[in-house]
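**Q** structure, please.
(one chain, ligands or ions: 2)
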Amino acid sequence: MREYWNSFASLLGVLAFCQSLLQLIFPPQLRFLCLKFFNRIFHLFSSYCYFDITEIDGVNTNELYNAVQLYLSSFVSINGSRLSLTRALNSSAITFGLSNNDCIVDTFSGVTVLWEHVVIQRQSQTFSWRPLPEEKRGFTLRIKKKNKSLILDSYLDYIMERSNEIRRKNQDRLLYTNSRGGSLDSRGHPWESVPFKHPSTFDTLAMHPQKKQEIMDDLEDFANGQSFYQKTGRAWKRGYLLYGPPGTGKSSMIAAMANYLSYDIYDLELTEVHNNSELRKLLMKTSSKSIIVIEDIDCSVNLTNRKKNNKRNYCDPEVRCGSGSACGGEDGGNSITLSGLLNFTDGLWSCCGSERIFVFTTNHIEKLDPALLRSGRMDMHIYMSYCSYHALKILLKNYLGYEESDLDYHVLKELSDVVDKAEMTPADISEVLIKNRNYKQKAVTELLEAMKTRGDRNFKCGSLRDKISDEEEQEKRALETPNEGSEFEEPCKEGENKEKMKS
Ligand SMILES: Nc1ncnc2c1ncn2[C@@H]1O[C@H](COP(=O)(O)OP(=O)(O)OP(=O)(O)O)[C@@H](O)[C@H]1O
Ligand SMILES: [Mg+2]
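**A** Ligands and ions are numbered 1, 2, ... in the order given. So this is what the prediction gives:
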């Protein structure tokens, strides 16, 4: 063994001598050719092969470099002693990276590979429209030659997939809106985005735990269902219809879904979309792993297959078609139609991306065209109900930090007796609790009072419940369009007023 080392050391000595001789005697070009030759010989007899992934590929950023950096960041934080730290734009997470010229070992399908982060100072800068960074960065992947074909493709695919996942997890969610009314931004995008920081989660959402679990399981199945959707020949998308009175948590549920799956949200404002083809273009510009939301679908536009004289109908010349512009028919030119919307969610175009969720919300499911409700269209219909006893317990925990065991048995009994009769929305209850959140006892007492009063009134007003929610919805619309608004009144009286007005 010692002899072996001796001969190896003398070989290295000879090589070093040859190199210095080369430097002395030969011109640089010849030296370069010799080095290249030695390099070739070395690689020929080496059992490894090497792949360079440079940061900049020509003048473009190499996506694979960024992907490898993110992928390695997921485990270098545990192994490394010297790491580089970065925080990307729109991200609240810090990413770890290999420092310059550091190495890390990874194992994939039982095969061990070595990654080296290579950083070299760039020589003189030649003129370029886009100045290059002063350092030339890249990763070198070392794989045993015999394993190259076995893992290279699948390993790189795996890295791309993992890095996308990490990027999504690290980055803040984005909320997109099409409020620019069909115009495009400088990069040709019809959507505007802001960071989405809604704190609603399934933990804070007040609804029956069993129902909540069902929805979470459904979302989970969907997100992990790529192979299922492929096997069954179905487009990888899912539709949810959330319906129920105002203030029962439909928007909060959408935020909770987005936070649960780490998806972006596209809030589609139908009133800003001029026709079906614009709707299709918007769809094409949405990304995968996103939730496309249309809120209050019943009152966004006139979405029925039948022609009605509705004042929101886009074919009303005063509403949509300006002077001189021709008004299309049901599927034509200048209007959004139900069939256009159904194509948006169901048709061939809806599959131009994958892993997308459509969520429609409405306060009045009965006003929707049956075509929207047909099975297979909206996969799950979720009723967001008035506050139940289970939901109330979640609200008491959220706002006052009260567990069930913290409350007196009699108070709990009273709350459970009155909560269903009160027919208060979680939003109503939240308001009472927020107002008194620093005085917990008072908050509970006041809530009980409010519930009893509401329960008594419901008992007296009886069947006016539907009219109440009608009025509540009108209040909501009035807030959205202040000119048409009216004064707030007690819901019960409003119902009565409406009756009087009618008579
Ligand atoms: N189920 C719920 N769980 C927790 N909080 C809720 C729930 N429902 C309503 N809230 C509270 O009430 C407020 C209004 O709720 P949200 O906007 O989600 O209601 P909505 O059903 O979307 O109403 P609308 O039909 O008017 O759009 C929220 O800010 C939230 O704090
Ligand atoms: Mg809402």
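
**Q** what distance do you get for the residue of the chain found nearest ligand 2 to ligand 1?
**A** Residue of the chain nearest ligand 2, by Cβ to the ion: Ser251 (3.3 Å). C-betas here are computed from N, CA, C, even on glycine. In this view, Ser251 and ligand 1 are 3 Å apart by Cβ to the nearest ligand atom, to the nearest Å.

**Q** burial count for that residue?
**A** Applying other Cβ atoms under 10 Å, we find 18 residues neighbouring Ser251.

**Q** SS state for it?
**A** Under the three-state scheme (DSSP: H, G, I helix; E, B strand; the rest coil), Ser251 adopts helix.

**Q** state the distance from the nearest residue to Val273 once chain neighbours are set aside to Gly233.
**A** The shortest distance from Val273 to any residue that is not its chain neighbour, by Cβ to Cβ, 6 or more residues apart in numbering, is 5.2 Å, and that residue is Leu279. Leu279 sits 25 Å away from Gly233 when distances are taken as Cβ to Cβ, to the nearest Å.

**Q** neighbour count for the two, which is higher?
**A** Taking other Cβ under 10 Å, Leu279 and Gly233 do not tie; Leu279 has more neighbours (21 against 6).

**Q** quick one: residues contacting the more buried one.
**A** Val273, Ile336, Gly340, Leu341, Phe344 (Cβ atoms under 8 Å, 6 or more residues apart in numbering).

**Q** any idea which helix or strand comes after the strand or helix carrying it?
**A** In the assignment (DSSP states H and E), Leu279 maps to helix 276-284. Proceeding N to C from helix 276-284, the next assigned helix or strand is strand 290-294, under DSSP H and E.

**Q** can you give me the pLDDT of the residue in the chain that ligand 1 sits nearest to?
**A** In the chain, the residue found nearest to ligand 1 is Gly249; the distance is 2.7 Å by Cβ to the nearest ligand atom. According to the prediction, Gly249 has pLDDT 96.

**Q** any idea how far it is from Met257?
**A** Using Cβ to Cβ, which is the criterion applied here, Gly249 is 12 Å from Met257.

**Q** and what of Ser227?
**A** Taken as Cβ to Cβ, the spacing of Ser227 relative to Met257 amounts to 22 Å.

**Q** of these two, which one has the most company?
**A** For the pair Ser227 and Met257, the greater number of neighbours falls to Met257 (24 against 8), based on other Cβ under 10 Å.

**Q** Leu433: which element?
**A** Following DSSP H and E, one finds Leu433 within helix 426-435.

**Q** ok, residues contacting that helix?
**A** For helix 426-435, the surrounding residues in contact (Cβ under 8 Å, 6+ apart) are 206, 246-249, 387, 391-392, 395-396, 399-400, 443, 446-447, 450.

**Q** filter these down to the buried ones, ChimeraX style.
**A** Restricted to the buried members of these, where burial is judged by 16 or more other Cβ atoms under 10 Å, the ChimeraX selection command reads as follows:
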select :206,246,247,248,249,387,391,392,395,396,399,400,443,447,450
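
**Q** which of the contacts of helix 426-435 sit farthest apart?
**A** Using Cβ to Cβ, the two most remote members of those are Pro246 and Leu400, lying 24.0 Å apart.

**Q** now do the residue of the chain closest to ligand 1 against Gln210, distance only.
**A** Separation of Gly249 from Gln210 (Cβ to Cβ) stands at 16 Å.

**Q** need the residue closest to the centroid of this protein.
**A** Residue closest to the mean C-alpha point of the chain, counted by Cα atoms, centre = their mean, is Tyr263 at 1.6 Å.

**Q** what about the helices in the stretch 51-200 of the chain?
**A** According to DSSP state H, counting those that start in this stretch, the stretch 51-200 of the chain carries its helices in the segments 63-79, 148-170.

**Q** nope, the stretch 301-450 of the chain is what I meant
**A** Using DSSP H, counting those that start in this stretch, the helices of the stretch 301-450 of the chain run over residues 338-346, 370-373, 389-400, 409-422, 426-435, 440-461.

**Q** turn the ones you listed into JSON lines, columns for distance to Val119 and mean pLDDT.
**A** Supplementary listing: the helices of the stretch 301-450 of the chain in JSON lines, determined by distance: least, Cβ to Cβ, whole Å; pLDDT from 0 to 100:
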{"stretch": "helix 338-346", "distance to Val119": "48", "mean pLDDT": "80"}
{"stretch": "helix 370-373", "distance to Val119": "57", "mean pLDDT": "84"}
{"stretch": "helix 389-400", "distance to Val119": "49", "mean pLDDT": "95"}
{"stretch": "helix 409-422", "distance to Val119": "64", "mean pLDDT": "92"}
{"stretch": "helix 426-435", "distance to Val119": "53", "mean pLDDT": "94"}
{"stretch": "helix 440-461", "distance to Val119": "58", "mean pLDDT": "91"}
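
**Q** roughly how far apart are Val118 and Glu55?
**A** In this structure, Val118 and Glu55 are 10 Å apart, going by Cβ to Cβ.

**Q** need the residues touching each of these two.
**A** Contacts common to Val118 and Glu55, judged by Cβ under 8 Å, 6+ apart, are Arg137, Gly138.

**Q** what distance do you get for the closest residue to Glu414 other than its chain neighbours to Asp428?
**A** Once its chain neighbours are removed from consideration, Glu414 has its nearest residue in Leu448; the separation is 5.9 Å (Cβ to Cβ, 6+ apart). Distance, Leu448 to Asp428, using Cβ to Cβ: 13 Å.

**Q** tell me, how many neighbours does the residue lying closest to Gly247 once chain neighbours are set aside end up with?
**A** Counting by Cβ to Cβ, 6+ apart, Gly247 lies nearest to Ala427, which is 3.0 Å off, once chain neighbours are set aside. Residues near Ala427, counting by other Cβ under 10 Å, number 16.

**Q** next one: the one 4 residues further on
**A** The burial count assigned to Glu431 is 14, neighbours taken as other Cβ under 10 Å.
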